[in-house]
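**Q** Make a model of this:
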Amino acid sequence: MLKMAFKRTKSFFLAVSASSASAVLGCSLPSPDYKAPPIIEQARQGILQADAIVDGKIVRLGGYDYRAKKPIPVILKVSKVFKGPRLSSFSLRIPAGGCEISFHRKEKVRLLLSEANGSWAAIEHLNLPYPIFGEASEGRIDYRLPYARALDEQIGFPRSLDTAFTPAGQ
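**A** Have a look, this model is predicted:
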């Protein structure tokens, strides 16, 4: 009986610490907002809020260098700039707990980027629609592909056939 009580207490503390960690880190999946604007309006707002919009290829994945005790940025080699500075590559930050998009090496992507103090990031709320995708039983629908198409339409330039339509999210 004592063992069972310990297991319950342990799982309770794990659940509380996990929920506290997401709150402290500032990133957790939002609940769907069924009053969210239409996908076309979300795309328009994303384009207006983005500091840069680029097509490119991921040439280096990011991470954390534990020896040097510093983050390793993702490197995006730019093939086309639609908005923002005319750079040949972007170094994308991945802060701990940030709501950034994950990438695959050599993946071709179209990204809406946000800049803060000379540091760039591909933040989820610019690159993925809201409401976020989820279980159909919960009434959530995956709007990533229609959002990507709306972005392309508003930018006025279609993606190449080998460019990802939906960046990886959390």
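**Q** Can you read off the pLDDT for Gly63?
**A** Gly63 is assigned 83 on the pLDDT scale.
**Q** Does it touch Ile72 like I think?
**A** Yes - shown here, Gly63 and Ile72 form a contact pair, counting by CB atoms under 8 Å, at 4.8 Å. Quick note: C-beta positions are derived from backbone N, CA and C, even for glycine.
**Q** And the two? Which one has more around it.
**A** Higher neighbour count among Gly63 and Ile72: Ile72, with 14 against 11, using other CB atoms under 10 Å.
**Q** which residues does that one contact?
**A** Counting by CB atoms under 8 Å, 6 or more residues apart in numbering, Ile72 touches 60, 62-65.
**Q** Recalculate using a threshold of 7 Å.
**A** Counting by CB atoms under 7 Å, 6 or more residues apart in numbering, Ile72 touches 62-65.
**Q** Could I get the phi/psi values of it?
**A** Here is the backbone geometry of Ile72 (degrees, to the nearest 10): phi -100, psi 120.
**Q** Need the per-residue pLDDT for it.
**A** Value for Ile72, per-residue pLDDT: 87.
**Q** again, but for the one 3 residues further on
**A** Ile75 is assigned a predicted lDDT (pLDDT) of 92.
**Q** Double-check that it belongs to a helix.
**A** No - if the criterion is DSSP: H, G, I helix; E, B strand; the rest coil, then Ile75 is strand and not within a helix.
**Q** Can you give me the neighbour number for Leu48?
**A** Per other CB under 10 Å, the neighbour tally for Leu48 reads 10.
**Q** so which helix or strand takes in it?
**A** Here Leu48 is covered by helix 39-49, with elements defined by DSSP states H and E.
**Q** Next one: Lys77 from Asn117, what distance?
**A** 23 Å (CB to CB, to the nearest Å).
**Q** the more surrounded of those two?
**A** Taking other CB under 10 Å, Lys77 and Asn117 do not tie; Lys77 has more neighbours (15 against 5).
**Q** Tell me where the model's unsure across the chain.
**A** Where the chain drops to pLDDT under 70, the residues are 1-36, 94-99, 131-141, 167-170.
**Q** Mind jotting down where the strands sit in the chain?
**A** 52-60, 63-65, 70-72, 74-83, 89-92, 108-116, 119-121 (DSSP state E).
**Q** Phe165 is nearest to which of the ones you listed?
**A** For the strands of the chain, the distance to Phe165 is smallest for strand 108-116, at 8.5 Å, taking CB to CB.
**Q** Name the residues of that closest one that are buried.
**A** Within strand 108-116, the residues that qualify as buried are 108-114, counting by 16 or more other CB atoms under 10 Å.
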